[in-house]
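J.: No letters, just coordinates:
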């Protein structure tokens, strides 16, 4: 299923996994099956979709692919658990897919397309330029610069304002460096006022305040998914939506 040149590893957020109520209502067997399914979705030619050679799989094929030697009846039972809990979605053509992985891939594709457009409008150096003539072509370069102190938070006043305003999740504000990497990579310094203004409203909503902030999204998720653009009155973190969505 894999394709040469593709990323060998995927991002996995343990806290999001453990805090997902849709998964928590499923048995451990069903949760383990879902982990196998998303691994195959990551390796799929169309990332996020459970397909082989760009073709949908019938139930028996899915069971053979992800069942790890378990009987078809057991695998179908666990899949039904996941479906009833709204863990995965199914397209009109019957292809199972992971909403979050598809969203993340779409965001990555949009960023790549935007960078390519910028490269055509300006020099390659200018397209990767950040403040003070520093050039970052990869997120890993930003993370390394932050770790080594070559890029200090004092040069990111907008991020500092955002981080000071961002509410804790379960009483903890973690992964500051990861959030800063996303902030720099997405060039959000110029959008500070818009982001903070939305954040101030969002953190007063019921979804963000209930259960002591248990459902506050990770700051990296908030930035990568551009959650500041969500309507405040309808805001609900996508990672915890229980409904099954269908797309064409």
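T.: Noted; the coordinates are in hand. In this text, all values refer to a predicted model and were calculated from it rather than measured experimentally.

J.: CA atoms for contacts and neighbours, from now on please.
T.: Noted.

J.: and the residue minimising distance to the centre of the chain, what is it in contact with?
T.: Geometric centre of the chain, nearest residue: residue 104, 4.8 Å, by C-alpha atoms, centre = their mean. Contacts for residue 104 were tallied using C-alpha atoms under 8 Å, 6 or more residues apart in numbering; they are residue 225.

J.: does it count as helix, strand or coil?
T.: What DSSP: H, G, I helix; E, B strand; the rest coil gives for residue 104 is helix.

J.: what's the spacing between it and residue 226?
T.: Plainly put, residue 104 is 11 Å away from residue 226 if you go by C-alpha to C-alpha, to the nearest Å.

J.: Equivalent analysis for residue 203, please.
T.: Look at residue 203 and residue 226: by C-alpha to C-alpha, they are 15 Å apart.

J.: domain parsing for this structure?
T.: 14-101, 128-235 (automatic domain parsing).

J.: hang on, residue 47 in a helix?
T.: No. Under three-state DSSP, residue 47 sits outside any helix and is assigned coil.

J.: re the thing from before, next one: the residue nearest to the centre of the chain, what pLDDT does it get?
T.: Residue 104 is assigned a predicted lDDT (pLDDT) of 80.

J.: Can you pull out the low-pLDDT segments for this protein?
T.: 1-7, 107-108, 110, 112, 114-135, 231-248 (pLDDT under 70).

J.: any chance you could map the strands in it?
T.: 51-52, 55-56, 89-90, 96-97 (DSSP state E).

J.: Those strands: which one's closest to residue 11?
T.: strand 96-97 (16.7 Å; C-alpha to C-alpha).

J.: Now do the closest one: which elements does it pack against?
T.: strand 89-90 (3 or more C-alpha pairs under 8 Å, 6 or more residues apart in numbering; DSSP states H and E).

J.: follow-up on the earlier one: out of the domains of the chain, the one nearest residue 111 is which?
T.: For residue 111, the closest of the domains of the chain is domain 128-235, at 8.2 Å, according to C-alpha to C-alpha.

J.: Could you give the separation of the closest one from the chain centroid?
T.: Distance, stretch centre to chain centre, for domain 128-235: 14 Å (C-alpha atoms, centre = their mean, to the nearest Å).

J.: Identify the residue nearest residue 212 in space, chain neighbours excluded?
T.: The shortest distance from residue 212 to any non-neighbouring residue, by C-alpha to C-alpha, 6 or more residues apart in numbering, is to residue 170 (6.0 Å).

J.: List the contacts of the one you found.
T.: Shown in contact with residue 170 (C-alpha under 8 Å, 6+ apart): 212-214.

J.: Next, give phi and psi for it.
T.: phi 60, psi 40 (degrees, to the nearest 10).

J.: What distance do you get for it to residue 217?
T.: Distance from residue 170 to residue 217, by C-alpha to C-alpha: 11 Å.

J.: Check residue 97 too.
T.: 22 Å.

J.: Neighbours of residue 148, how many?
T.: 10 (other C-alpha atoms under 10 Å).

J.: how about the helices of the chain, start to end?
T.: With helices called from DSSP state H, the chain shows them at 14-19, 21-24, 28-43, 59-66, 72-84, 99-121, 124-127, 139-147, 157-165, 176-185, 192-202, 206-209, 219-224.
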